[in-house]
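1. Quick check, what structure comes out for this input:
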Amino acid sequence: MKTVEETPSDTNAAKPLQALSGLTFPELEKFVVEMGLPKFRAKQIHSWIYAKYAETFDEMSDLSFELREKLKSVAKIPLLEIAHLQVSRDGTRKYLFKLPDGKIVESVLMVFQDRDSLSACVSSQVGCAVGCTFCATGYLGFKRNLTSQEIIDQVMCIQRESGKRISNVVYMGQGEPLLNVENVIESIYTMNESVGIGARHLTVSTSGVVPGIKRLAQENLPVTLALSLHAPDTQTREEIVPITTKWPISELMDALHDYYDATNRRITIEYVLLAGVTDFPEQAKALADMLKDLHCNINLIPFNPVENLEGVVQYQRPSRDAQNKFKLIAERSGKTVTIRLERGTDIDAACGQLHNVFAKTQE
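-> Numbers count the residues shown, from 1 in each chain. Predicted coordinates:
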C-alpha cells in the first residue's frame, strides 16, 4: 500500500505547472506542505535546485520514483526557457530568456581568462522606461517589471546551461533596477540565502532614481551601488539620460553621499564614452571635480555602437587615445579609474541589442 506522500494526484492536472526555480526556501516549504508532503522535502528539493542545478525531477535520486512522478504532475523546475543563445570567441555567453507570458529578456555570462570567478548580468525589467538615448534597451520601451523569481531564475538557468557556478551578479541588464526596487531587494535576499552568492558580490546599477537609492539604503545591504552617470553637466546628461530632468545631478549626488553614509559601501560610477559627446577633456576635469569628495571608483565604458529602431547608429566610439586621455584627467579626482574590459563584442553584446536583432528575425 502506498503512503499518502507517494500517491499521485490528478486533482491539479489541469493547472499550469508550478515553477520551483527562483522560489525562496519558505516558498518551497509552503509548496510541499500544500502537496501534503513533510517539510523536510523542501530542503531536499531546495538542495537539488540551488546546489546541484537540477533541471528535472528525475535527477533527484534521493526521492522515490512515485514522489518524482507526483512532483512532475504539478510542478516543473525552470521558470524561464532559453529562446536563443550566442557564444562569443572570448567565452561570453548571451542568453535570451522567454518569460511565462512569452516576453523576452536578456542575460549575460561573462568569463574572464585571468580569474576563476564568473559574473552574470541579469535583467530586472522587460524593456526600460528611462530611455537613455545610447541604449538599445531604451528603444524597446517599457513592458513590465520582472518578479523576484524571474530575476533569480536567470542566474539558475545560466548555471544549468553552462554547468558553471556564478560568483558575482550585476543588475545591469535590461531595465532600471530601482524602478523595480521591491522585487530587486527580494531577489537580493534570495540570491544570498538560496543561490549562495554573498551580498558583497552583488552590484545594483541605476541611472539615478533617487527614491530607489534611498529605499535600497534603508535595507543596509552590503551590495555595491553603481550609478550610470555618463555626463558631469546637466545639459549633456539631460540629453542622453532623460530622467535627469526629474532627479537633477545635485539631488543625485546628495543621495549617493547618503547611501555611502548608510552602508559604508564604496560606489561605482559608470561613465559611457561617446565620441564628441561625453569624451571631452573638460568633461573629464568636471567629472574629477564632482567626485573628489565621494567614496567611489570610476568605470569608463567605451561605447559599443548599436542601431536604433530606424537602423541608424547615432553615436560613435572614441579612439583609444581619447579614452586614455580622459582616464588620465579623471584620475585627478584621486579615485581609481578603469576602462571597462570588453566582453562579447562579436555577439550583440550591448544591453537590448540581441533582443532587437532576435525580434526582427521573428517578424
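2. quick one: the helices in the stretch 101-250 of the chain?
-> Taking DSSP state H, counting those that start in this stretch as the test, the helices found in the stretch 101-250 of the chain are 148-162, 181-190, 210-219, 234-240, 249-263.
3. Other residues contacting the fourth one?
-> It stands for helix 234-240. With contact meaning CB atoms under 8 Å, 6 or more residues apart in numbering, helix 234-240 is reached by 132-134, 229-231, 244-245, 248-249, 274, 277-278, 283. Every C-beta, even on glycine, is put in place using the N, C-alpha and C of the backbone.
4. please redo it, this time with the cut-off set to 10 Å
-> 131-135, 207-208, 229-231, 243-245, 248-250, 252, 272, 274, 277-278, 280, 283, 286, 314-315 (CB atoms under 10 Å, 6 or more residues apart in numbering).
5. OK, contacts around Ala231?
-> Each residue near Ala231 by CB under 10 Å, 6+ apart is listed here: 237-241, 244, 249, 271-272, 274, 277-278, 283, 286-287.
6. Low-confidence regions, the stretch 251-363 of the chain specifically.
-> By pLDDT under 70, the weakly predicted segments of the stretch 251-363 of the chain are 307-311, 342-363.
7. At which residues are the helices of it located?
-> Going by DSSP H, counting those that start in this stretch, the stretch 251-363 of the chain shows helices at 281-291, 320-330, 353-362.
8. how far off helix 281-291 does the second one point, in degrees?
-> Same thing as helix 320-330. 30 degrees (axes from the mean of the first three to the mean of the last three CA atoms, to 10 degrees).
9. picking up where we left off before, for ChimeraX, write the selection for the buried entries among the contacts of helix 234-240.
-> Selecting only the buried entries of those in ChimeraX, with 16 or more other CB atoms under 10 Å as the criterion:
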select :131,132,134,135,207,208,229,230,231,243,244,249,252,272,274,277,278,280,283,286,315
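10. taking the contacts of helix 234-240 one by one, which sit in strands?
-> Using DSSP state E, the subset of the contacts of helix 234-240 located in strands is Val272.
11. Out of the helices of the stretch 101-250 of the chain, which is closest to Ile197?
-> helix 148-162 (7.8 Å; CB to CB).
12. give me every residue that touches the residue lying closest to Lys52 once chain neighbours are set aside.
-> With sequence-adjacent residues excluded and distances taken as CB to CB, 6 or more residues apart in numbering, Lys52 is closest to Glu59, at 7.4 Å. Applying CB under 10 Å, 6+ apart to Glu59 gives the contacts Trp48, Lys52, Tyr53, Arg68, Ile77.
13. Which of the residues you listed sits closest to Tyr260?
-> Relative to Tyr260, and with distances defined as CB to CB, the nearest of the contacts of Glu59 is Tyr53, at 36.2 Å.
14. Just confirm Lys15 contacts Glu34, I think it does.
-> No: in this structure Lys15 lies outside contact range of Glu34 using CB atoms under 10 Å: 11.9 Å.
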